[in-house]
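[1] Show me how the following folds:
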Amino acid sequence: MQEKTRIDIAIMVLCVAVIVLAYIGLGNTLVDVVCIILAAICFVVVLVINLWNRLTGIKRPKIKNNAVLNDGTISEIALLNEEDKIIATWDMFEKISLVIGKNILEKSDK
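    Numbering: from 1, shown residues only. Here you go, the predicted model:
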């Protein structure tokens, strides 16, 4: 089962739980009715989107990540700017730790 399908099922289960709890839990207040309506709308929207994607065969492409090897280890660290462009990279192959910090020289007033 794909990760997105698991997330969609979890959202739908939570929506059903909210509907049930609002229906039997607090009474017939306006808040309960609004919670039931919003949870039902969320349930239907997630269900329709999931079914639409299955029927049309739309699959999200997996992001190719060269920094993570097949066994899950990280092979490099990249520093990005505000536009997500790589400024600098550091090789992490066969390294077990990394210390991130900033070199600040303290000035003494003597």
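[2] Can you give the domain ranges for this protein?
    The chain breaks down into these domains under automatic domain parsing: 3-56, 63-95.
[3] can you tell me which of these the model trusts least?
    Among those, domain 63-95 has the lowest mean pLDDT, at a mean of 74.
[4] follow-up on the earlier one: just say which of the domains of the chain is most tucked in.
    Among the domains of the chain, domain 3-56 has the highest mean neighbour count (mean count of other Cβ atoms under 10 Å), at a mean of 13. From N, CA and C alone the C-beta is placed, and that goes for glycine too.
[5] Can you get me the start-to-end distance on it?
    One end of domain 3-56 sits 18 Å from the other (Cα to Cα, to the nearest Å).
[6] which secondary structure elements does the longest helix along the chain contact?
    Using DSSP state H to define each element, the chain has its longest helix at helix 30-56. Here helix 30-56 touches helix 3-24, going by 3 or more Cβ pairs under 8 Å, 6 or more residues apart in numbering; DSSP states H and E.
[7] Now tell me what touches the helix it packs on from outside.
    For helix 3-24, the external contacting residues (Cβ atoms under 8 Å, 6 or more residues apart in numbering) are 32, 35, 36, 39, 40, 42, 43, 46, 47, 49, 50, 60.
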